[in-house]
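Q: structure, please.
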Amino acid sequence: MLTYFKKRYIIPVVASGFLFFAASFKDDFFEIAKQIEIFTTLFKTVNQNYVDEVNPAELMDKAIKSMLADLDPYTNYFNEQDVVKFKINNTGEYTGVGAIMTRKEDKLIVKEIYKGFPADKANLKAGDAIIQIGDVVLADFKDDATQLLKGAKNTKVDVKYIRQGKTLTAQIVLDEVEIKAVPFFSKIDDKTGYIALTAFNRKTTQETKEALEKLKEDGAEKIILDLRGNPGGLLNEAVNVCNLFVPKGEIIVTTKSKNAKYNNIYKTTNEPVDLEIPLVIIVNGKSASASEIVSGALQDLDRAVILGSRSFGKGLVQRPIDMTYGTQVKVTISRYYTPAGRCIQALDYWHKDKDGKAVRTDASKYNAFKTKKGRTVYDGGGIQPDVELADSKTSTIAEVLQKNDGIFNYVTYYYFKNPNLGDKIPTFTDGDYTDFKAFLKREKISFDTETELALKATLEKAKKEKIDDTIQTQYDQLMAALQKSEEALLDKNQKEIKKLILEEIIKRYQYKEGLYQYYLKNNVEIAKATSILSNPVEYTKILQ
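A: Numbers count the residues shown, from 1 in each chain. Predicted coordinates for the structure are as follows:
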């Protein structure tokens, strides 16, 4: 009853109260005030009369975040601690350890180490599971444990962690960490430059411009801009990156909202670096938001060839709004449109299916638009590349293996089994792949596909209704058939999965820099982009 009560009463009134303070679009202020009064009375009554002690801050935090989750995944409430993290993401700078970590149960798993930063100097490795930070045992700490690894420069933090079954200790000395928007750039050949752009923070344009100018100084006459895996960021940085390649005064993106103050036209305001240099942009299904503004605008303006696989499809714009007591809300305020007039939003969060999930735009309902030179492009489902590559698409089984850490955990095992590879590029053989499949079975790594999860959920319901004995045999048969199908998919997609494993292995030994060096000579998308740029006739034909 308590859960039902909260969902039916607390969440809607919190929504009404929040919208009032954060600039409501409703005219019926009496109704809003009424709902605020109801909520205030309710909140006080629950806190004063509930049978056990409750934490008012936690109750409010959960209520607000649950309410906003019903809108879209980008409209978020940030408490004081969240605000600090949000600002770090926008600046790319913080004082900490220099590693990507994720919470898993009562441990903090190290996912990636940045070369030369504190975690690296303390000899932490990807796959290490931190169980204690200072005097804090993470099993007893339910808040964001990564905050325990931030502080003043030169602060010493003792950690206890598990590596391959052994409990070890290390001392990390905190230092300033700068996450580069352009972590790597280089020449591929005498005439072709490559720029990896992985984020849109406040230094993105500066770093991209510096990379572009340095490559040109070194003789580059053609450029590949790699936006794969770039989740986006600041809109104005996307506009300014486009400005490096298009004239001052060019419309890059338009935002439209029911609130007139958020209707804006964003034009380039600076002199470009190079209007003529041939440009190929690589995107994939994880290129989103600001990445799609750049690729979509330069596609509409016929300024670049877009290559790879269809981008994510995020056509919504958010704005952080400061509130009381150091809190903040990031609100979806508008949709954005490319120069040709396209909104490439893929998921409709306002028309959900019976399970409450956003509906994906039907490909048959995409609308056609024209680029500056009259080429046909479409809206609705992300940026469709001019040159689509099958190898750029991620299969369902590969996505699952990345999501469930099947590849990550195997590479951790591989790394400590082969400690002396150094800078050598390993050959991942068929025998190694057989070892990988055996590892998945041995470690009982669940694939947790949608079908598998649905089957497990069905059995759980059957247990509650005490009818599981009746369906257990059929369940076991279905699960066995599903697992056999998953094993077949492992074999069918062996080439793709081996590539992902090899890339993760290289990153373990040679950090992200080594992986980019490997890409220059071995990546299919980069090879195709180089080929297009080396053939002016083909390049011009695509853009005309």
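Q: correct me if wrong: residue 303 contacts residue 246.
A: Yes: between residue 303 and residue 246 a contact is recorded at 5.7 Å, counting by Cβ atoms under 8 Å. Glycine gets a C-beta too; all of them are placed from N, C-alpha and C.
Q: overlap in contacts of those two?
A: In terms of Cβ atoms under 8 Å, 6 or more residues apart in numbering, residue 303 and residue 246 are not both contacted by any residue.
Q: what's the distance between residue 470 and residue 502?
A: The spacing between residue 470 and residue 502, counted by Cβ to Cβ, to the nearest Å, is 47 Å.
Q: which one of these two is surrounded by more residues?
A: The residue with more neighbours, out of residue 470 and residue 502, is residue 502; 19 against 11, by other Cβ atoms under 10 Å.
Q: now the more buried one: which helix or strand?
A: helix 494-522 (DSSP states H and E).
Q: what's that helix packed up against?
A: strand 107-113, strand 184-187, helix 396-403, helix 406-417, helix 430-442 (3 or more Cβ pairs under 8 Å, 6 or more residues apart in numbering; DSSP states H and E).
Q: mind checking which of the ones you listed is nearest residue 328?
A: With Cβ to Cβ, the closest approach to residue 328 among these belongs to strand 107-113: 24.9 Å.
Q: okay, now the sheet partners of the closest one, with direction.
A: Applying DSSP bridges to the sheet, strand 107-113 is found paired with strand 99-104 (antiparallel), strand 129-133 (antiparallel).
Q: buried deepest among the ones you listed, which one?
A: strand 129-133 (a mean of 20; mean count of other Cβ atoms under 10 Å).
Q: can you pull the buried residues of stretch 206-218?
A: 207, 208, 209, 211, 212, 215 (16 or more other Cβ atoms under 10 Å).
Q: for the fifth one, what are its contacts?
A: Contacts were defined as Cβ under 8 Å, 6+ apart; by that measure residue 212 touches 193, 195, 223, 244, 273, 274.
Q: show me the contacts for the residue sitting nearest the centre point of the chain.
A: The C-alpha lying nearest the average C-alpha coordinate of the chain belongs to residue 231 (Cα atoms, centre = their mean; 4.9 Å). Applying Cβ under 8 Å, 6+ apart, one finds that residue 231 lies in contact with 199, 286, 288, 289, 291.
Q: and those as JSON lines, adding neighbour count, secondary structure and distance to residue 387?
A: Output for these, formatted as JSON lines (neighbours: other Cβ atoms under 10 Å; DSSP: H, G, I helix; E, B strand; the rest coil; distance: Cβ to Cβ, whole Å):
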{"residue": "199", "neighbour count": "24", "secondary structure": "coil", "distance to residue 387": "25"}
{"residue": "286", "neighbour count": "15", "secondary structure": "coil", "distance to residue 387": "18"}
{"residue": "288", "neighbour count": "24", "secondary structure": "coil", "distance to residue 387": "20"}
{"residue": "289", "neighbour count": "25", "secondary structure": "coil", "distance to residue 387": "22"}
{"residue": "291", "neighbour count": "31", "secondary structure": "helix", "distance to residue 387": "17"}
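Q: on that earlier part again, for residue 358, which of the strands paired with strand 107-113 is the nearest?
A: Nearest of these to residue 358, taken as Cβ to Cβ: strand 99-104 at 24.3 Å.
Q: next one: that closest one to chain centre, how far?
A: For strand 99-104, the separation from the chain centroid amounts to 14 Å (computed by Cα atoms, centre = their mean, to the nearest Å).
Q: who touches that strand?
A: Under Cβ under 8 Å, 6+ apart, the answer for strand 99-104 is 108-114, 117, 119-120, 124, 129-130, 144-146, 149.
Q: so for the residue of the chain most remote from its centre, what's the pLDDT?
A: Most distant from the centre of the chain: residue 470, at 42.8 Å, with distances by Cα atoms, centre = their mean. If you check residue 470, the pLDDT there is 75.
Q: the nearest residue to residue 80 once chain neighbours are set aside - how many residues pack around it?
A: Residue nearest to residue 80 in three dimensions, not counting chain neighbours: residue 326, with 4.4 Å by Cβ to Cβ, 6 or more residues apart in numbering. Residue 326 has 13 neighbours, counted by other Cβ under 10 Å.
Q: could you measure from residue 326 over to residue 129?
A: 32 Å.
Q: swap in residue 79?
A: Going from residue 79 to residue 129 by Cβ to Cβ gives 27 Å.
Q: coming back round to it: so which of the buried residues of stretch 206-218 sit within strands?
A: In strands, judged by DSSP state E, none of the buried residues of stretch 206-218 are found.
Q: how about those residues in JSON lines, adding pLDDT and distance to residue 257?
A: Output for the buried residues of stretch 206-218, formatted as JSON lines (pLDDT from 0 to 100; distance: Cβ to Cβ, whole Å):
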{"residue": "207", "pLDDT": "98", "distance to residue 257": "31"}
{"residue": "208", "pLDDT": "98", "distance to residue 257": "28"}
{"residue": "209", "pLDDT": "98", "distance to residue 257": "31"}
{"residue": "211", "pLDDT": "98", "distance to residue 257": "34"}
{"residue": "212", "pLDDT": "98", "distance to residue 257": "33"}
{"residue": "215", "pLDDT": "98", "distance to residue 257": "38"}
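Q: pLDDT averaged over the helix holding residue 502 - what is it?
A: Mean predicted confidence for helix 494-522 is 96.
Q: could you list the buried residues of it?
A: Result for helix 494-522 [16+ other Cβ under 10 Å]: buried residues 496-512, 514-520.
Q: thinking again about what came up before, nearest to residue 397, of the contacts of residue 231?
A: The closest of the contacts of residue 231 to residue 397 turns out to be residue 286 (Cβ to Cβ; 17.0 Å).
Q: wait, isn't the closest one in contact with residue 232?
A: No: in this structure residue 286 lies outside contact range of residue 232 using Cβ under 8 Å: 10.2 Å.
Q: among the buried residues of stretch 206-218, which lie within helices?
A: 207, 208, 209, 211, 212, 215 (DSSP state H).
Q: how much space between the fourth one and residue 248?
A: Just to be clear, that refers to residue 211. Distance from residue 211 to residue 248, by Cβ to Cβ: 21 Å.
Q: just the third one next, same as before
A: Residue 209 sits 15 Å away from residue 248, going by Cβ to Cβ.
Q: list of residues touching the longest strand seen in the chain?
A: The longest strand of the chain (DSSP E) is strand 328-337. Residues outside strand 328-337 that contact it (Cβ under 8 Å, 6+ apart) are 18, 22, 68, 71-72, 74-78, 82-83, 86, 235, 253-257, 259, 262-264, 293, 315-323, 343, 345.
Q: need the next SSE after that strand, C-terminal direction.
A: Immediately after strand 328-337, counting by DSSP H and E, sits strand 347-352.
Q: look at residue 22 and report its pLDDT.
A: 44.
Q: go on, the one 10 residues further on?
A: In this model, residue 32 is scored at 83, pLDDT.
Q: what kind of secondary structure is it in?
A: Classification of residue 32 by DSSP: H, G, I helix; E, B strand; the rest coil places it in helix.
Q: where does the chain have low pLDDT?
A: Scanning the chain with the threshold set as pLDDT under 70 gives 1-28, 81, 84-93.
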